[in-house]
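1. Predicted model and sequence follow; I will ask about them next.
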2 protein chains.
Amino acid sequence: MNYPIIAKLLSVIISTVALAFIASFFVGEVFYGEVDDAAREEWLISIAIALILSIIMAFLGRAARPKMFRKEALATIGLGWILASLLGAIPYYLILPDSTFADGVFESASGFTTTGASVYGDLSIFPRGLLFWRCLSQWIGGLGVVVFFVAILSFLGAGAKILYSHESSGTSTDIESGRIQQGVLQILYLYLALSAACALILRALGMSWYDAVCHMFATLSTGGFGVYNSSLGAFPSPAIQWTVIVFMALGGTSFFVLLRVMQGRFRALFTNTEVIAYYSIIGISTLMLTLMLMTELGHGATDWEASLRAAAFQTVSIMTTTGFSTVDYQQWLPVGHMLLLFLMVIGGCSGSTGGGAKVVRIVVAFKVCRLQIEKAYRTRVVRPLHINGKVLDKDDQDSIVTWLLLLFLVLTGGIMIVALLEHSLGFTAQVTSVFACLFNIGPGLAEVGPTQNYGFLREPTKLVLSLLMILGRLELYAVLVLFSPALWKRFS
Amino acid sequence: MNYPIIAKLLSVIISTVALAFIASFFVGEVFYGEVDDAAREEWLISIAIALILSIIMAFLGRAARPKMFRKEALATIGLGWILASLLGAIPYYLILPDSTFADGVFESASGFTTTGASVYGDLSIFPRGLLFWRCLSQWIGGLGVVVFFVAILSFLGAGAKILYSHESSGTSTDIESGRIQQGVLQILYLYLALSAACALILRALGMSWYDAVCHMFATLSTGGFGVYNSSLGAFPSPAIQWTVIVFMALGGTSFFVLLRVMQGRFRALFTNTEVIAYYSIIGISTLMLTLMLMTELGHGATDWEASLRAAAFQTVSIMTTTGFSTVDYQQWLPVGHMLLLFLMVIGGCSGSTGGGAKVVRIVVAFKVCRLQIEKAYRTRVVRPLHINGKVLDKDDQDSIVTWLLLLFLVLTGGIMIVALLEHSLGFTAQVTSVFACLFNIGPGLAEVGPTQNYGFLREPTKLVLSLLMILGRLELYAVLVLFSPALWKRFS
Ligand SMILES: [K+]
Ligand SMILES: [K+]
């Protein structure tokens, strides 16, 4: 294990957090209103802590050899997200009067993992700078996870290799190769371009600059943290809702495919199994929910645009695991409710900011199971499994299936721990809180439903759920390897 | 597809049901008391239907070529269990005044799959003959599943091959081989011997012959259908409870290993990973629950034998998925409650009458996941996976992991369908009813808890849950292949 290089990279991550603190501090200075102060002292303490830690890490990593392997990369990512969540907790803890540190960690992890679950019931007590920080952390987390996917996951085979299979050169295994650095830069530019477009459109449609930027953060990252107690309900404008629908959907699309489309290679849209499945599911679900709203549950709804919009909004918001809502979908017919639960588990595309199990894994899982059922009575028939028009080899199939098994074990373990810690909580909330956090959705059902929050849970539960958010966000492995003793051996 | 051979084998299965009807009819004649009549006419109708159907099937299969392949075997098993459940429903439907046919199907499927979930709240309205039928169906189902495992599952690789790995000759793939026929006979003798021993001991400890035989049926098959409303609570004798503990544990043990032990090859006990894990888990859980009962929740319990007995009884009853209870474990500490939920999912050994996911699959799942996590940072390290002191090859690992994935999909799909059909039911009951049926446990939680029953559900839900019981009992494949169109092609 090359410890200095880890320290060096962690120092970069911590510097990013420090910069984001400084930005939030200035936003607080500029936008604070009559009901809040700028919380100047608290921000300066937060910035100082982040800068000092960053300098210490840079010092520890000063003599780092540039050579880096997979395990250093994984450890950096896992530790980086945990450290960022801990640091990001400081402003919440210092600024909000009744907040414990565990509350801050939960909210901060929820932001960096784009989960959007909150322990705070009332946003009106937040100073504007802190609300900005809450939104900004999602945007940083969303960018981080896309870059992480490009830079690291391609080595893990957990679905990512499929995306590379279009490239003629095959998968690179050298982390320092120019191709990956170039890929990271291209993704960064794309993310910035989409962010600028989203914020400008929202501003043009009547939001203030502050609201436009904050909601852009929440939308593109599929995070779902708004700045008002009524969330996006504060903006009933159809144009704003359609804009948010489009950018949530883009956030949940594979950034690889988006990149190719931006480069004019539109063919990528029609050859990528995952993206086709993703938009097909969105289309079918929207259609079904629209019909449902126009008929049985319409309450006299004759406005087809409003029905279509509500249907598309809920479909996209849930499937990309953003967790925004414009209508109370808990009031919908059970068939609509079930459809939404189904979309939650599927989640967004791999290589996007969306959560869930990822569309491509579900597609592969169904294909593997179908072949296995046939194999039960036709032993000798070996059929290839196609994805993106190419054959997915056995190793990649295995890595996806094993990943889903691991997900199942983590879900089961998580539910047991939460049930143990919160035994007076209802079963529905015990189960859905784990799903909502591990899949980076945000709201669960019952006591942790869309109109509730996670504030009433015990401190240890909040920390466990925070860890589950990070586990889910980093595709399990980057956190699980941290518990593997062999990873930490000095020479190996 | 060789249809005649399927018809011929189904005729054998239907004849077995007819014979069991006749036995129940005679028991009803002999034991009926003042509160019930023998329901003579209803039994004769049931017997006639079964005999006629059996003759039709025998006629259709009269010219069957003896050659049989895996797909014929699978289709026979899947159809056989479904058909037996439908036929077995007739006596309930005819004899009980308020019973619908769906009620009968649920109860009958629950018996044949050794699930032990009931739609009838009050057993005191049952004639003795019908109660005997209810218990007997479990015993037939338990024997059936062990034979099914020997005869069929060895070809599917879903965990069964591991058990054969002790044999030097490897796995046979010829269904007509003498070795498998001999194996089936040996298992049959063992099952009869254990049944006789269990019934005689229960009789010697003070039960009536009727009670002894009925409770033996429920115990060895890990079914859990008793004959009194208070279930085994009607027998507070410690000796009877210890006897039931031992025979439930034996029912949940691999019959392959039991067979070897009976043949004097005791080494099998100490080299079989699954059996070691099974008894270790039972031991640890019993110890933990005993300590729990002796300390915090003891309510002044100073009787260590009673505590040990209660702990062992609940552990074994839950882990083997029998579902008997002597104390109300829902009142225990959450840590005890969680432990029991954990045991439910694991279930019994493969090749036993117990349900659940099976110990060996959980062991393999954990080993596969541990290796995969290490592989995340050490790509080139290939470690063998050991089970029963031998290396488990990649194909067998895959088949187990894929099976667990399939289980996950079936669970998710089942929960969604039940939630859709029973939208006014609580989430806890929606989820645990599917678990309790698919894993052949019996009671769930909340509205379908140990002191409740499934009678209030809608007809379609009862049929879906019945299908889930059969799916779980037949290790998924034997039922799922029935939905595969390619299976039914005339020539292939
Ligand atoms: K979210
Ligand atoms: K049972």
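-> Yep, that arrived. Numbering: from 1, shown residues only, chains lettered A, B, ... in the order given. Ligands and ions are numbered 1, 2, ... in the order given.
2. Quick one: the strands in the stretch 301-450 of chain A, in order.
-> A:386-387, A:390-391 (DSSP state E, counting those that start in this stretch).
3. Quick check: which of those strands is buried the most?
-> Greatest average neighbour count among those goes to strand A:386-387 (a mean of 16), per mean count of other CB atoms under 10 Å in any protein chain shown. For the C-beta atoms, the positions are set from N, CA and C on the backbone; glycine is no exception.
4. where does chain A have its least confident helix or strand?
-> helix A:160-164 (a mean of 46; mean pLDDT, DSSP states H and E).
5. Buried residues in the helix or strand just after that helix, which are they?
-> Per DSSP states H and E, the first helix or strand lying C-terminal to helix A:160-164 is helix A:178-204. For helix A:178-204, burial by neighbour count (16 or more other CB atoms under 10 Å in any protein chain shown) applies to A:180, A:183, A:186-187, A:190-191, A:194-195, A:197-199, A:201-203.
6. now swap in stretch A:443-452 and tell me
-> Here stretch A:443-452 shows A:443-450, A:452 as buried, counting by 16+ other CB under 10 Å.
7. Likewise for stretch A:239-249?
-> A:240-249.
8. could you redo the residues you listed as JSON lines and give each row secondary structure?
-> Formatted as JSON lines, the buried residues of stretch A:239-249 follow (DSSP: H, G, I helix; E, B strand; the rest coil):
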{"residue": "A:I240", "secondary structure": "helix"}
{"residue": "A:Q241", "secondary structure": "helix"}
{"residue": "A:W242", "secondary structure": "helix"}
{"residue": "A:T243", "secondary structure": "helix"}
{"residue": "A:V244", "secondary structure": "helix"}
{"residue": "A:I245", "secondary structure": "helix"}
{"residue": "A:V246", "secondary structure": "helix"}
{"residue": "A:F247", "secondary structure": "helix"}
{"residue": "A:M248", "secondary structure": "helix"}
{"residue": "A:A249", "secondary structure": "helix"}
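9. Same list (these) but as JSON lines, adding pLDDT and distance to ligand 2.
-> Listed next are those as JSON lines, based on pLDDT from 0 to 100; distance: CB to the ion, whole Å:
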{"residue": "A:I240", "pLDDT": "94", "distance to ligand 2": "55"}
{"residue": "A:Q241", "pLDDT": "92", "distance to ligand 2": "51"}
{"residue": "A:W242", "pLDDT": "95", "distance to ligand 2": "53"}
{"residue": "A:T243", "pLDDT": "95", "distance to ligand 2": "55"}
{"residue": "A:V244", "pLDDT": "95", "distance to ligand 2": "50"}
{"residue": "A:I245", "pLDDT": "95", "distance to ligand 2": "48"}
{"residue": "A:V246", "pLDDT": "96", "distance to ligand 2": "52"}
{"residue": "A:F247", "pLDDT": "96", "distance to ligand 2": "51"}
{"residue": "A:M248", "pLDDT": "95", "distance to ligand 2": "46"}
{"residue": "A:A249", "pLDDT": "96", "distance to ligand 2": "46"}
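10. tell me which of those residues is nearest to ligand 1?
-> Of all the buried residues of stretch A:239-249, A:M248 has the smallest distance to ligand 1: 9.9 Å, by CB to the ion.
11. Which one of the residues in the stretch 51-200 of chain A is closest to chain B?
-> Per CB to the nearest CB, A:K71 is where the stretch 51-200 of chain A lies closest to chain B, at 3.4 Å.
12. Show me which residues of chain A are close to ligand 1?
-> A:116, A:224, A:321, A:323, A:442 (CB under 5 Å from the ion).
13. from those residues, which has minimum pLDDT?
-> pLDDT across those is lowest for A:G323, at 85.
14. Name the residue closest to the centre of chain A, please.
-> With distances taken as CA atoms, centre = their mean, the residue of chain A nearest its centroid is A:T114 (4.0 Å).
15. shouldn't that residue be in contact with A:L220?
-> No: with contacts counted by CB atoms under 8 Å, A:T114 stays clear of A:L220, the gap being 9.7 Å.
16. Touching both of those two, which residues are there?
-> A:142, A:353 (CB atoms under 8 Å, 6 or more residues apart in numbering or on different chains).
17. that older thread, need the strands of the stretch 301-450 of chain A in CSV with distance to chain B and mean pLDDT, can you?
-> What follows is the strands of the stretch 301-450 of chain A, written out as CSV (distance: least, CB to the nearest CB, whole Å; pLDDT from 0 to 100):
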stretch, distance to chain B, mean pLDDT
strand A:386-387, 16, 82
strand A:390-391, 17, 80
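18. returning to what we had before: over to the residue nearest to the centre of chain A. Which of the three states is it?
-> coil.
19. For it, give me the pLDDT.
-> 95.
20. same check, this time on the one 3 residues further on
-> Note for A:A117: predicted pLDDT of 92.
21. Check which residues of stretch A:271-288 are buried.
-> Quick answer for stretch A:271-288 (16+ other CB under 10 Å): A:272-275, A:277-279, A:281-282, A:285-286.
22. quick one: which of those is nearest to B:A102?
-> Closest to B:A102 out of the buried residues of stretch A:271-288 is A:S285 (31.5 Å), distances taken as CB to CB.
23. Quick check: closest non-adjacent residue to that closest one.
-> Among residues not flanking A:S285 along the chain, A:T315 sits closest, at 4.4 Å (CB to CB, 6 or more residues apart in numbering or on different chains).
24. Need the contact partners of the strand or helix carrying A:D211.
-> In the assignment (DSSP H and E), A:D211 maps to helix A:209-220. Residues from elsewhere that reach helix A:209-220 (CB under 8 Å, 6+ apart): A:27, A:31, A:116, A:128, A:131-132, A:135-136, A:138-139, A:142, A:191, A:194-195, A:198-200, A:202-203, A:207, A:223-227, A:232, A:244, A:247-248, A:250-251, A:322, A:324, A:353.
25. what do you get for stretch A:370-377?
-> Residues contacting stretch A:370-377 (CB under 8 Å, 6+ apart): A:381, A:383, A:385, B:69-71, B:74, B:156, B:399, B:402-403, B:406, B:477-478, B:480-481, B:484, B:486-487.
26. Pull out the buried residues from the residues you listed.
-> Of the contacts of stretch A:370-377, these count as buried by 16+ other CB under 10 Å: A:385, B:69-71, B:74, B:156, B:399, B:402-403, B:406, B:477-478, B:480-481, B:484, B:487.
27. Wait, A:A75 touches A:L487, no?
-> Yes: with contacts counted by CB under 8 Å, A:A75 reaches A:L487, the gap being 6.4 Å.
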